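Student: with the sequence up front, the predicted model follows.
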Amino acid sequence: MINKILAYFPDSVTHNHFPEHPSLDFHLFQQNSPEPLWISIPKEHISEDQLDLLKNLLQYIKTEPDTVLSGKALAWNDFLFREGAIPAAASDEVRFIQFQLQAAHIETAEINEALQGFFPDHTILWMKDSYGMIIEEKKEIIEEMDELQSISSTFESDFFIKISFYIGKFQTISRQLPDFFTKEKQVFQELTELTNRSDVFTFEKAFPMLLSTQLPDHLQDILSHSILEAFGEDKELMVTIKTFLESNSNVSLAAKKLYVHRNTLQYRLEKFTEKTGVQLKDFDAAIVVYLAGLYKEMG
């Protein structure tokens, strides 16, 4: 891929190490591979559409003066993207909570102030106007999914901006951490390409969603002519089954989420079993049905 990019932008320059003094006249990208490679492309030769495409293919590195960043944010930026020194931290483990904003016009300063208010003890690092991460050192009290969902709702109601979060895994701070973050970044990027809903994702939530969109053709055909055929145009039935499974097959909890009576929910479950012959109490069957629902939803 790099060779094709170089052929398309012949004035580009490649680097085996992060350039010590990156020029502000160039866009800088990093190819994430066993042997990282950086490529500088003249800004005057890239259109906005081409820049957006390259940002999806490669890791975009901001080349604004370092005065934009300071303190821990600068240290983490250098460590993650410039092979810098391991940042000083009060804990041996850290995780990255990525966020993606969805809005036509974003006042970054205002949003950053709000994020600092929600996460006063964490380091916030912006990588684009609409994308960044919250660096959370492991302590006795950590950010919970419910708290992030509440913050997401607040952003939508107060700023009229949708925001999605991806809660990464705690990892030991080491030289392997930047590579691990790159993989988590790819997961979140693939999620945001699949859905534009504001939500809080974890790997456990993301894995079945991504898996359902990468099924081979023969498995897709079997699902379409069996489980998905039972749903047909009955979106209510599909939502019911998905909610039931996401509620750990708890009828009372699912009924509460769906705002229906237990008997109504039980009727819909029996209706699904009659159509498919699938018993949702069977663990393996439940997994297949859940993936089928995600495949339908993502498709």
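Tutor: Yep, that arrived.
Student: where along the stretch 101-250 of the chain do the helices fall?
Tutor: 108-118, 145-158, 177-194, 203-212, 217-224, 227-231, 235-246 (DSSP state H, counting those that start in this stretch).
Student: okay if I get these as JSON lines plus distance to Asn56, mean pLDDT and mean neighbour count?
Tutor: Heads up, the C-betas are built off the backbone N, CA and C, glycines and all. Converted to JSON lines, those look like this (distance: least, CB to CB, whole Å; pLDDT from 0 to 100; neighbours: other CB atoms under 10 Å):
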{"stretch": "helix 108-118", "distance to Asn56": "21", "mean pLDDT": "87", "mean neighbour count": "14"}
{"stretch": "helix 145-158", "distance to Asn56": "24", "mean pLDDT": "90", "mean neighbour count": "15"}
{"stretch": "helix 177-194", "distance to Asn56": "7", "mean pLDDT": "92", "mean neighbour count": "16"}
{"stretch": "helix 203-212", "distance to Asn56": "16", "mean pLDDT": "92", "mean neighbour count": "15"}
{"stretch": "helix 217-224", "distance to Asn56": "25", "mean pLDDT": "91", "mean neighbour count": "13"}
{"stretch": "helix 227-231", "distance to Asn56": "30", "mean pLDDT": "84", "mean neighbour count": "19"}
{"stretch": "helix 235-246", "distance to Asn56": "29", "mean pLDDT": "89", "mean neighbour count": "18"}
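Student: could you dump those to TSV with distance to Arg262?
Tutor: Converted to TSV, the helices of the stretch 101-250 of the chain look like this (distance: least, CB to CB, whole Å):
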stretch	distance to Arg262
helix 108-118	37
helix 145-158	25
helix 177-194	33
helix 203-212	26
helix 217-224	29
helix 227-231	22
helix 235-246	11
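Student: so which of those is nearest Gln102?
Tutor: For the helices of the stretch 101-250 of the chain, the distance to Gln102 is smallest for helix 177-194, at 8.6 Å, taking CB to CB.
Student: output that closest one as CSV, nothing but the C-alphas.
Tutor: Extracted in CSV, the C-alpha atoms of helix 177-194 (Å, rounded to 0.1, in the frame of the first residue of the first chain):
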residue,chain,number,x,y,z
LEU,A,177,1.4,-0.4,24.9
PRO,A,178,1.4,1.8,21.8
ASP,A,179,0.9,-1.3,19.6
PHE,A,180,-2.0,-2.5,21.8
PHE,A,181,-3.6,0.9,21.6
THR,A,182,-3.3,0.8,17.8
LYS,A,183,-5.4,-2.4,17.8
GLU,A,184,-8.0,-0.9,20.1
LYS,A,185,-8.1,2.2,17.9
GLN,A,186,-8.8,0.0,14.9
VAL,A,187,-11.7,-1.7,16.7
PHE,A,188,-13.3,1.6,17.6
GLN,A,189,-12.8,2.9,14.1
GLU,A,190,-14.5,-0.1,12.6
LEU,A,191,-17.4,0.3,15.0
THR,A,192,-18.0,4.0,14.1
GLU,A,193,-18.0,3.0,10.5
LEU,A,194,-20.7,0.5,11.2
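Student: can you list the weak-confidence ranges in the chain?
Tutor: 20-21, 33-34, 63-68, 104-106 (pLDDT under 70).
Student: so in it, which strand runs the longest?
Tutor: Looking across the chain with DSSP state E, the single longest strand is strand 93-102.
Student: so which of the helices of the stretch 101-250 of the chain is nearest Glu270?
Tutor: Comparing the helices of the stretch 101-250 of the chain by CB to CB, helix 235-246 comes nearest, at 11.3 Å.
Student: what's the helix or strand containing Asn263 packed up against?
Tutor: Using DSSP states H and E, Asn263 sits in helix 262-276. Counting contacts by 3 or more CB pairs under 8 Å, 6 or more residues apart in numbering; DSSP states H and E, helix 262-276 packs against helix 227-231, helix 235-246, helix 251-258.
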